[in-house]
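Chemist: Fold the following, please.
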Amino acid sequence: MADDEDKVKKGFSGLSDLVSQVSGIDEPTSSESKAEANTSTPNQVSSLQQETPSSESERKEPTSSPPIETVSSGKGGGSAGGKWILAIIGFAFVVWLINNGGQSSKKPSYTRPSPSLSYNYPQSNPAPVVKTPRKPVTPRLQYTKPSVGTNNILSVPEIRWCVRESIRIEAMRNVINTNKGIDAFNRIVNDYNRRCGSYRYRRGSQQRAERDVEVYRSQIVAEAIREARNLGRSYQIKRPSLQYTREAQQLLTDLGYNPGPVDGKYGPRTANAVKAFQRDIGIKQDGWIDQSLINALRRAKAVYIPKRMTPSAPQSQSRQSFQTSTSSMNSIAAARYFTRGSVQDEVLAIQGKPSDIDIYSGTETWWYGTSKVEISRSSRRVVSWDNNGNLKVRYLPGSNTTSASYYTRGSHQDDVLRLQGTPSDIDIYSGTETWWYGTSKVEISRSSRRVVSWDNNGNLKVRYLPGSNTTSASYYTRGSHQDDVLRLQGTPSDIDIYSGTETWWYGTSKVEISRSSRRVVSWDNNGNLKVRYLPGSNTTSASYYTRGSHQDDVLRLQGTPSDIDIYSGTETWWYGTSKVEISRSSRRVVSWDNNGNLKVR
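Modeler: A predicted model of the protein is given here:
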C-alpha cells in the first residue's frame, strides 16, 4: 500500500518523494520526513473551463547537507568500519564543542546566505537620477530556467524559477476568459510541468528558494495578471519611436556596440545591442528604447573614450592620401574655424589630417582624437560634428534673430545660436536635428529650422510661457489646457514628443499633454505637481469601494492618484505602490493591487 501511495505523488506536489533519492556519502536515504514543499500542481484548463488543482503532499528532506555524491533509492546499512568512523566523528565533535562552547552565546543566530543568491547591494557611486515613474519593478533575484526532464537536481536559482512560475500560473488561472487565452495558458503549464513536474534538490534549497520568492509574491502576481489579460489577444507589434531608435543606434555605435545601420528601424540587431548595453550597466535587459535608455546612453557616451577601431558595419573603409592644390590651401589659410557647409579642404587646413576615417554610404567620419567631423561624400562639405573640445568649429546665427532674452517652441534656430552659441554635437535624423549643449539638447525641425522641443539640464536659455487659455484655479486636472500647466508649473525641463501625446517633465514628475486638444491627459506626480483630481457626482456614502464602484468613489476615498497610466481598455491609478484598475468605458473599478493603503473591500 505504501508503494501505491508513493506512485501517486507526481508533478510539483510530488517533489517530497524525489528528494529522498538524494543522498550524501555517509547518509542513508531512508531519513525521516520533513515538510519541504506545499505547492499545488498547476493543471491545464480546457476551453472556457478550469480544473481544480491536484492535492497537496509533503516531501522528504535529508537530515544533513553534504554535497550530492550519489543518486540512489537504496537503503544504507551499518558495518564495523562504519562504527569506527562514527566513533571518530563523535570524538571530533566533542572536541569542537569544548573549543567553541564559550563563544556560542556570543554569536548571532544567523546563517550566511548562499553564494548562489543574487542581491542588490548599494553602489558606491550612485547613478544620476533617471526620469522614470515610481513603480514597483521586477525583483532582480537570479532565476534560471531548468532543463526539460525529470529527476534533475535543481539549483536554488532553478527552484526559484519553478516557485515563481507556480505563483504566476495560479494567479493567471482565474483571469483567462477566451479560448485563445486558454490555449496559451495551457502551453505555459505544459512547459512548467516538463521542467518542474518532477525534480530533486539538496537539503534546504527548496525552503530557501520559496523564502526568496515569497517576498515578491504581490509583484509577481500583479505582473502575471497583467500578462494573463493579454494572452490570446492580437496586437500590433509595438516599436519605439523612430527618433529614439535613431539616436539610440547612433549612441550604441559610438559606444562600440553593434546595432546595425543608423536608420531608425527597430529590429533584432538593435534590440540585441540595447540588451548588451543594459547588461553591461546592470539594468533590466528588455531591449526597449525609451527616454530612460537614451539618458543612460548619453551618460555613458559623456565619459566614454572610444577605441580607434572600425564601427560595426560600414560599407567600405579606407585611408586616404590627401592632395589639395596649393591655391586652394592658400585661399583658406586665413580662416580660423570651419562650420556647416565648409569644404573638406578647410577642415584639413584648419584641423589637420584626421587620425581615422570611417566611410559610410552617404558620409565619411573624420576622427580627431575623440572628436569627429561628418563629411558629405557627394558635396565634400561639413554636415555635422561631435566636438569634445579640440575642434576649431563655429556655427554663427543668420538673419532670423530677435532681441528676446530666451527662445521657446517655434523660435528660429538663429535665436538658439545667438543665445546658446555653437552646439558641441549635432545629430541628424529624418525630420529633426539634435543640437547638444553639454548634457542638454535642443530639437530643431529640418524643414522649418525652428525649435520643436528640448531637454534642459540647467544651461539652456529657454522659456515656455502660457497663452490665453488660462484660468484662476490653484491647480490643474485632467482636461485642463496646457496653458494652465505652464501658468502653475512653469517651463518644463524636458519635452518628449510621441504620435498622440507630449510628455512634459518637471524634475522627475511628468504631465502628459494631448497633441490634438493641448489638454492634460494624465500625469506621474513625484510630489511637485500642482495637480488635483476631484470626484464627480457618482459618489456614495460607503466607507469603502469595491469591484464595480464608480471612479468617483475611488477619488472620494483615496484622493488624487499620484500616477495615471492609460491602456487600450483600462487605466491604472497609482496610490503609492498600490494601484486600482479603472475601466475606460464604464469608469468603474475592475481590479486592484493593494499593498495596505487602499480602502477597498
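Chemist: need the helix or strand of this structure with the lowest average pLDDT.
Modeler: The weakest-scoring helix or strand in the chain, judged by mean pLDDT, DSSP states H and E, is strand 70-71 (a mean of 31).
Chemist: is it true that Arg160 lies in a helix?
Modeler: Yes: assessed with DSSP: H, G, I helix; E, B strand; the rest coil, Arg160 lies in a helix.
Chemist: Now do the end-to-end distance for stretch 587-595.
Modeler: From its first residue to its last, stretch 587-595 covers 22 Å (CA to CA, to the nearest Å).
Chemist: Please read the previous query as pertaining to stretch 513-533.
Modeler: 16 Å.
Chemist: what sits up against it?
Modeler: Counting contacts by CB atoms under 8 Å, 6 or more residues apart in numbering, the residues outside stretch 513-533 that touch it are 133-134, 469, 474-482, 485, 488-489, 497, 499-504, 506-512, 555, 560-566, 571. C-betas here are computed from N, CA, C, even on glycine.
Chemist: now, which of those lie within strands?
Modeler: Of these, the ones assigned to strands by DSSP state E are 497, 501-504, 506, 509-512, 563-566, 571.
Chemist: of the contacts of stretch 513-533, buried ones?
Modeler: 133-134, 476, 480-482, 485, 488-489, 501-504, 506, 508-512, 555, 560-565, 571 (16 or more other CB atoms under 10 Å).
Chemist: can you pull out the helices in the stretch 351-500 of the chain?
Modeler: For the stretch 351-500 of the chain, helices defined by DSSP state H, counting those that start in this stretch occupy the ranges 413-420, 482-489.
Chemist: wouldn't Leu417 be in contact with Pro397 here?
Modeler: Yes: at 3.9 Å, Leu417 and Pro397 qualify as touching, with contact defined as CB atoms under 8 Å.
Chemist: Looking at the two, which one has more neighbours?
Modeler: Each of Leu417 and Pro397 has its neighbours counted (other CB atoms under 10 Å); Leu417 has more, 20 against 16.
Chemist: Okay, that one and Val451: tell me how far apart.
Modeler: 11 Å (CB to CB, to the nearest Å).
Chemist: still on that earlier bit, go through the ones in strands among the contacts of stretch 513-533 and name the one nearest Lys392.
Modeler: Ile497 (34.1 Å; CB to CB).
Chemist: Chain neighbours aside, what residue packs nearest to that closest one?
Modeler: Excluding the flanking residues, the one nearest Ile497 by CB to CB, 6 or more residues apart in numbering is Ser453, at 5.6 Å.
Chemist: All the strands of the stretch 101-250 of the chain, in order from the start?
Modeler: Using DSSP state E, counting those that start in this stretch, the strands assigned to the stretch 101-250 of the chain run over residues 152-153, 199-200.
Chemist: any chance of the ones you listed in JSON lines, with mean neighbour count, mean pLDDT and distance to Asn526 too?
Modeler: JSON lines is the format used below for those (neighbours: other CB atoms under 10 Å; pLDDT from 0 to 100; distance: least, CB to CB, whole Å):
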{"stretch": "strand 152-153", "mean neighbour count": "17", "mean pLDDT": "90", "distance to Asn526": "46"}
{"stretch": "strand 199-200", "mean neighbour count": "22", "mean pLDDT": "90", "distance to Asn526": "44"}
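Chemist: quick one, helices of the stretch 101-250 of the chain?
Modeler: Per DSSP H, counting those that start in this stretch, the stretch 101-250 of the chain carries helices over the ranges 156-173, 179-196, 205-214, 217-230, 242-254.
Chemist: Compare those and give me the one nearest Gly431.
Modeler: helix 242-254 (7.7 Å).
Chemist: Can you tell me what sits against the closest one?
Modeler: 239-240, 258-266, 270, 273-274, 277, 289-291, 293-294, 297-298, 300-301, 304, 306, 311-312, 386, 427, 429-432, 434, 497.
Chemist: Okay, and which of the residues you listed map to strands?
Modeler: Those of the contacts of helix 242-254 lying in strands (DSSP E): 386, 427, 432, 434, 497.
Chemist: Which one of the residues you listed is nearest to Val590?
Modeler: Closest to Val590, out of all of these and judged by CB to CB, is Ile497, at 30.8 Å.
Chemist: which residues pair with that closest one across the strands?
Modeler: Legend: beta-bridge partners of Ile497 under DSSP bridges are Glu502.
Chemist: Was I right to think it contacts Trp454?
Modeler: No: under the criterion of CB under 8 Å, Ile497 is not in contact with Trp454, lying 10.8 Å apart.
Chemist: Quick check: neighbours shared by those two?
Modeler: With CB under 8 Å, 6+ apart as the test, Ile497 and Trp454 both reach Glu443.
Chemist: from memory Arg340 sits against Ile375, does it?
Modeler: No: Arg340 sits out of contact with Ile375 when judged by CB under 8 Å, with a separation of 11.3 Å.
Chemist: OK, contacts around Ala302?
Modeler: Residues in contact with Ala302 (CB under 8 Å, 6+ apart) are Thr439.
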